[in-house]
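> Below: sequence and its predicted model.
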Amino acid sequence: MDHLRIKPEVKEALEQGRPVVALESTIIAHGMPYPRNVETALNVEKVIREHGAVPATVAIIGGEIRVGLTPEEIEYLGTAKGVLKVSRRDMPLVISKKMDGATTVAGTMMAAAMAGIKVFVTGGIGGVHRGAGESFDISADLEEFKTTNVTVVCAGCKSILDIPATMEYLETKGVPVVCYGADEIPAFYSRRSGVMAELRMDDPREIADMIRAKDALELPGGVLVTCPVPEEDEIPFEEMDGYIQEALADCARDGVTGKRITPYLLSKVKDLTEGRSLEANIKLVLNNAAVGAEIAKGLAK
Ligand code: PSU
Ligand code: MN
């Protein structure tokens, strides 16, 4: 396809049926400060390689969808100014204007599907925001799960979101949600959310089998896998909730809207936790990378 460039290493792995894991870039350009963003993106790729899969970080550079980036391109994205946050609706613009863009979960799912990559690892997905009944703020990430056949491994929903409503929404869209190794849907920084998982699996091969069954049925749409942050890195839910209330109040006071809300809240929470949220964020992404690589391996066999 025009506009799509797959890195040779990734292309070769896909052609040979070897495991490949896609990674997003909004977390690099808008989710973490420099230099931790670049350092983390490179370490996530390293973990995926250590687990025997090929990493493919996705971004848009000069209007071209790149699947698989070089370390120099990752550094560029982590430092460049004016990198657009690209979800589904932004894709036509960023390509026609030959801009640089960092892909969200929705944008990365689109690119992964175009390239034929089945598994994608991230930190957290977007979801139904608190108060969405009034604001209609529901991330396009959730809509993408309805149509695009990619399995996304994350650490659950941040509690800046309405977690029960997000789960309801995914159920309505027909999206299987697997909780990996836990009974409760994790809340990103915290292992617990108070929302019980409908489906728990403890072995990545079980998850791969379920994805295969879904494909055999030719069902469209994605699968969501939630992995709790490692115990030693978590910030307890009750503690986190206080910071989140404060961040939400600031967000409303400052009149932040639309696609700027999520990056704003992330950066506020980082300040309020004096950087602890960033450390937890980094650790959980690395943990997700290991799980995602194992699922990709299970699928490649
Ligand atoms: N959650 C995080 N870090 C992030 C994001 C979410 O902890 O970087 C990013 C992801 O790229 C996700 C996007 O797809 O924010 C969702 O943005 P919005 O809520 O505007 O749809
Ligand atoms: Mn939104």
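On my side now, so go ahead. Ligands and ions are numbered 1, 2, ... in the order given.
> Does anything pack onto the longest strand along the chain? Which helices or strands?
Counting by DSSP state E, the longest strand found in the chain is strand 54-61. Helices and strands touching strand 54-61, by 3 or more CB pairs under 8 Å, 6 or more residues apart in numbering; DSSP states H and E, are helix 8-15, strand 20-23, helix 36-50, strand 64-67, helix 71-79, strand 101-103, helix 105-115. Where you see a C-beta, it was placed from the backbone N, CA and C, and this is true even at glycine.
> Quick one: work out the angle between that strand and helix 8-15.
120 degrees (axes from the mean of the first three to the mean of the last three CA atoms, to 10 degrees).
> For ligand 1, what's the nearest residue on the stretch 201-301 of the chain?
Closest residue of the stretch 201-301 of the chain to ligand 1, CB to the nearest ligand atom: Thr262 (3.8 Å).
> Now that residue: closest residue in space, sequence neighbours ignored.
Excluding the flanking residues, the one nearest Thr262 by CB to CB, 6 or more residues apart in numbering is Gly126, at 6.3 Å.
> Same check on Ile160?
Per CB to CB, 6+ apart, closest to Ile160 is Leu265, 4.6 Å.
> could you list every residue that touches that neighbour?
Neighbouring residues of Leu265 by CB atoms under 8 Å, 6 or more residues apart in numbering: Lys158, Ile160, Ile244, Ala247, Leu248, Cys251.
> Need phi/psi at the second one.
Yep, that's Ile160 we're talking about. phi -70, psi -10 (degrees, to the nearest 10).
> May I have the phi/psi pair for Ala182?
Torsion angles, degrees, to the nearest 10, at Ala182: phi -150, psi 160.
> interface residues of the chain facing ligand 1?
The chain comes close to ligand 1 at residues 24, 26-27, 31, 87, 104-105, 123-126, 139-141, 158, 259, 262, 266, as judged by CB under 6 Å from any ligand atom.
> Tell me how many other residues crowd the residue of the stretch 201-301 of the chain closest to ligand 1.
Applying other CB atoms under 10 Å, we find 26 residues neighbouring Thr262.
> same thing with Val21?
32.
> That one against Val54, yeah?
Yes - the criterion here is CB atoms under 8 Å, and Val21 meets it with Val54 at 7.3 Å.
> which residue is nearest the centroid of this structure?
In the chain, the residue lying closest to the centroid (CA atoms, centre = their mean) is Thr122, at 3.1 Å.
> who's in contact with that residue?
For Thr122, the contacting residues are Leu23, Glu24, Ile27, Val105, Thr108, Val152, Val153, Cys154, Val285, Asn288, by CB under 8 Å, 6+ apart.
> Weed out the non-buried ones from these.
Leu23, Glu24, Ile27, Val105, Thr108, Val152, Val153, Cys154, Val285, Asn288 (16 or more other CB atoms under 10 Å).
> All set now, cheers.
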